[in-house]
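1. let me see the structure of the following:
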Amino acid sequence: MINWREWNEAAFQDSRREEKPVLLTLSATWCHWCHVLDQTSYADSRVISLVNSRFIPVRVDVDQRPDISHRYNQGGFPSVAVLNGNAELIAGCVYKPPEELAQFLERADKLFPDAPLDDSQIQVSPDSSLPQSQSGTEPATDRVLGKLDQLYDQDFGGFGREPKQPPWEALRFLLALHSRSGDRKLIKMVVDTLESMRAGLYDLKDQGFFRYSVSRDWRVPHYEKMLVTNASLACVYLEAYQVTRRATFRDTAVGALKYLMEVLYDRPRGLFRASQDAGERYYHSPWKDRETMERPAVDPTFYTGWNGLVAGALIKASGVLGTSSYLQTATRVLEILWQECWSPDLGMTHLVGGSRQSVSVLEDDLHPLLAFLALHQATGRSDHLRNAISIAQSIIERFGDPSGGFHDLAVSDPASELLLAGEKSVMENSLLAEALFTLNCLTGDQRYLQLGRDALEVFQDVAPGSSYLGARGSRRMEEDEERLFLPAGAAWGRAWDMLNHGPVHLALVGPSGQAKTRRLLRSAHRLYAPHRVIQLLDPDQDADRINSLGFPLKKDPALYLCFGAQCLAPISSAKGLMELRTSPPWTASNNLGP
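-> All right, here's what the predicted structure looks like:
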């Protein structure tokens, strides 16, 4: 068997001392072809002998170390990367059968310790027929929309051809633009894609979505089920339900949440597990046979960032559907993260209940930040806003770059870690910008607005079309995805839209414990508005903020809907708020101006 080692400085010291290359394997518990690699190529005697005698073998779980995965993935999983003693890439590949892998290792060993191969030898060149990034004076949202329009599949929905990935960021971007512009073409792109994904990727028997489809028509799924996929798709189906009122979209979101609650939720622990294995034999079997079969294995690991993500999805579902149990579950998740994972100096841990790693990754703080902001808006409780502010400040201090934007990692213990150069992720910076704009709306602190703007402007020369700023040749899978369906570019465009047009701010002024106030709050959460921010302000507790916004300090609850440079007349009933559905004032055709 192969004598696998952990990723650490000692492994690379041995590489330099013994003059052997490092063989890095990136795998995941949910990854079908990772298991195949172990059962075939890494069980082959010639490969085993080659690896143990001529390499320093290092194995990394991509979920446990996303920072390493981003820098060395070769376009999919499993990834095999050959590195020199300075952690520079020499050569790489994805799955290869035994004979081909042995030949690859022989060639890579002969190259050591020379400079990396050029990109044409490492990966397939990008498809030049796909739109490439270009900067200029064209507004960011227009550039993103233009690329999505080029990539859109008129026949089957979604973007690009095969493999077909669920494009939740792009769909949420299109929903926001449609809500402001009233453009029917945009909502048709959303509806057709959501219907096609449900027809092909959704498991009608056990509920939940599979990870992606290898076919253009969505009908040949890869059978892994991921917490990230189902939480993210639940959000976009909920938003589409709010906009279209299609019961199918509501039911699909509920089904994805049911899968999360019944399969991935560990009720005694109060947290969500990461993923479920592919189990092709199980999913290829007839429904009646599946009743008696053992279900595919579930990865029992609790990841902090992903639990923050699913908490946010549950909070959204509670608001849209009025299901209080979702809010209760999300609140418990966030309480556990705050108690077990948070440190004011070091931020969130990557694993819940695990030892703190020497490297912190931005997404572990980012998703809890977004979730605490959502929980504050759902409940009006000031402690949730204080938690969000604390996380945001920690992110600014630990991940912020004075030149603009935020790095994807921060090193807390340099002595024990092989230092990797920081990169700036378009996706993470865009989501963080939205959080900062939300904080600006809730607090009036202009510093958040400027930091968010800087986090978007730093990518003007690479987005949309590339997923990061950093060393050339990194993030091969993310770069492939960006060419296929523009996930990071869509998030970047959506954040720019929020900056340029501002959020739709629903400020509810009234006693927080009064029944009428709570009814108005529930109604506000059922309403879709682009970049909506809901704020409950109690006249006794929040008088300064109410005065700064220019609203009267009255005990009778009233909701003030503001967007751009205007606010509507106060709304005092749930019925009045719901009437906005039929004629949204933020839509261009209905906007009468200030």
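
2. list the buried residues of stretch 167-181.
-> Neighbour counts using 16 or more other C-beta atoms under 10 Å place 167-180 of stretch 167-181 among the buried residues. (Glycine included, C-beta is placed from N, CA and C.)

3. dump the residues you listed into TSV; add secondary structure, pLDDT and distance to residue 504 as well.
-> Converted to TSV, the buried residues of stretch 167-181 look like this (DSSP: H, G, I helix; E, B strand; the rest coil; pLDDT from 0 to 100; distance: C-beta to C-beta, whole Å):
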residue	secondary structure	pLDDT	distance to residue 504
167	coil	98	24
168	helix	98	21
169	helix	98	20
170	helix	98	21
171	helix	98	19
172	helix	98	15
173	helix	98	16
174	helix	98	17
175	helix	98	13
176	helix	98	10
177	helix	97	14
178	helix	97	14
179	helix	96	9
180	helix	94	9
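
4. let's have those residues in a markdown table, adding distance to residue 265.
-> As requested, those are exported to a markdown table (distance: C-beta to C-beta, whole Å):
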| residue | distance to residue 265 |
| --- | --- |
| 167 | 26 |
| 168 | 21 |
| 169 | 25 |
| 170 | 28 |
| 171 | 25 |
| 172 | 24 |
| 173 | 29 |
| 174 | 30 |
| 175 | 27 |
| 176 | 30 |
| 177 | 34 |
| 178 | 33 |
| 179 | 32 |
| 180 | 36 |
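
5. between the residues you listed, which is nearest residue 8?
-> If you rank the buried residues of stretch 167-181 by distance to residue 8 using C-beta to C-beta, residue 169 comes first, at 34.1 Å.

6. where does the chain dip in pLDDT?
-> Across the chain, residues meeting the criterion (pLDDT under 70) sit at 115-137, 412-417, 589-594.

7. domain-wise, how is it divided?
-> According to automatic domain parsing, the chain comprises the domains 9-122, 152-301, 504-590.

8. could the ones you listed go into TSV alongside distance to residue 477?
-> TSV is the format used below for these (distance: least, C-beta to C-beta, whole Å):
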stretch	distance to residue 477
domain 9-122	5
domain 152-301	11
domain 504-590	29
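
9. could you point out which of the ones you listed sits nearest residue 365?
-> Nearest to residue 365, of all the domains of the chain, is domain 9-122, at 13.1 Å by C-beta to C-beta.

10. now the helices for the stretch 151-300 of the chain?
-> Taking DSSP state H, counting those that start in this stretch as the test, the helices found in the stretch 151-300 of the chain are 168-181, 184-201, 227-244, 247-259, 280-284, 287-290.

11. ok, and what's touching the fifth one?
-> Outside helix 280-284, the residues that touch it by C-beta atoms under 8 Å, 6 or more residues apart in numbering are 32, 203, 223, 290, 293, 294, 295, 296.

12. and it, what's buried?
-> Within helix 280-284, the residues that count as buried by 16+ other C-beta under 10 Å are 282, 283.

13. widest-spaced pair of the contacts of helix 280-284?
-> 32 and 290 (17.8 Å).

14. isn't residue 89 right up against residue 79?
-> No. Using C-beta atoms under 8 Å as the test, residue 89 is too far from residue 79 to be in contact (10.7 Å).

15. and the helices of the stretch 151-300 of the chain: which comes nearest residue 380?
-> Checking the helices of the stretch 151-300 of the chain against residue 380 by C-beta to C-beta gives helix 227-244 as the closest, at 20.9 Å.

16. and the closest one, how far from the chain's centre?
-> Mean-position distance between helix 227-244 and its chain equals 13 Å (C-alpha atoms, centre = their mean, to the nearest Å).

17. now the angle between helix 184-201 and that helix, please.
-> Interaxial angle of helix 227-244 relative to helix 184-201 (axes from the mean of the first three to the mean of the last three C-alpha atoms, to 10 degrees): 140 degrees.

18. which secondary structure elements does helix 227-244 sit against?
-> The helices and strands touching helix 227-244, judged by 3 or more C-beta pairs under 8 Å, 6 or more residues apart in numbering; DSSP states H and E, are helix 168-181, helix 184-201, helix 247-259, helix 304-321.

19. highest average neighbour count across those?
-> With neighbours defined by mean count of other C-beta atoms under 10 Å, none of those is more surrounded on average than helix 304-321, at a mean of 25.

20. just checking, what packs against that one?
-> Using 3+ C-beta pairs under 8 Å, 6+ apart as the contact criterion, the neighbours of helix 304-321 among helices and strands are helix 227-244, helix 247-259, strand 271-272, helix 324-340, helix 362-379, helix 515-526.

21. so residue 568 makes contact with residue 559?
-> No. Using C-beta under 8 Å, residue 568 is not in contact with residue 559; the gap is 9.1 Å.

22. of those two, who's got more company?
-> When neighbours are counted by other C-beta atoms under 10 Å, residue 559 comes out ahead of the other of residue 568 and residue 559, with 25 against 13.

23. for my notes, confirm that one occurs in a strand.
-> Yes. Inclusion of residue 559 in a strand is indicated when DSSP: H, G, I helix; E, B strand; the rest coil is applied.

24. which residues touch it?
-> Contact partners of residue 559, counting by C-beta under 8 Å, 6+ apart, are 506, 507, 508, 509, 520, 524, 570, 571, 572, 577.

25. any idea how far residue 532 is from the last one?
-> For residue 577, the distance to residue 532 equals 12 Å [C-beta to C-beta, to the nearest Å].

26. how about the third one?
-> Distance, residue 508 to residue 532, by C-beta to C-beta: 12 Å.

27. same check, this time on the second one
-> Counting by C-beta to C-beta, the separation of residue 507 from residue 532 is 12 Å.

28. cool, and the fourth one?
-> Distance of residue 509 to residue 532, computed by C-beta to C-beta: 17 Å.

29. over to residue 68?
-> Noted for residue 68: a distance of 37 Å to residue 532, by C-beta to C-beta.

30. same question for residue 338.
-> From residue 338 to residue 532 the distance is 25 Å (C-beta to C-beta).

31. which of these two has more neighbours?
-> With other C-beta under 10 Å as the criterion, residue 338 and residue 532 differ in neighbour count, and residue 532 comes out ahead with 23 against 17.

32. how about the strands in the stretch 1-150 of the chain?
-> 22-27, 56-61, 79-83, 89-93 (DSSP state E, counting those that start in this stretch).

33. could I get the ones you listed as a markdown table with mean neighbour count?
-> A markdown table is the format used below for the strands of the stretch 1-150 of the chain (neighbours: other C-beta atoms under 10 Å):
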| stretch | mean neighbour count |
| --- | --- |
| strand 22-27 | 24 |
| strand 56-61 | 20 |
| strand 79-83 | 25 |
| strand 89-93 | 21 |
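
34. output the ones you listed in a markdown table; the columns should cover distance to residue 548.
-> Formatted as a markdown table, the entries for those read as follows, by distance: least, C-beta to C-beta, whole Å:
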| stretch | distance to residue 548 |
| --- | --- |
| strand 22-27 | 50 |
| strand 56-61 | 48 |
| strand 79-83 | 51 |
| strand 89-93 | 52 |
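
35. how about these, which one is nearest residue 352?
-> Within the strands of the stretch 1-150 of the chain, the stretch nearest residue 352 is strand 56-61; the backing value is 15.6 Å (C-beta to C-beta).

36. then that closest one to CSV, C-alphas only?
-> Once non-C-alpha atoms are left out, strand 56-61 reads as follows in CSV (Å, rounded to 0.1, in the frame of the first residue of the first chain):
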residue,chain,number,x,y,z
ILE,A,56,6.9,11.8,-1.2
PRO,A,57,3.2,10.8,-1.3
VAL,A,58,0.8,13.3,0.3
ARG,A,59,-3.0,13.0,0.4
VAL,A,60,-5.5,15.8,1.1
ASP,A,61,-9.2,15.8,1.5
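
37. got the contact list for that strand?
-> For strand 56-61, the external contacting residues (C-beta under 8 Å, 6+ apart) are 2-7, 11-12, 14-15, 18, 20-29, 51, 68-69.

38. quick one: buried ones out of these?
-> Listed as buried from the contacts of strand 56-61 are 2, 7, 11-12, 15, 20-29, 51, 68-69; burial here means 16+ other C-beta under 10 Å.
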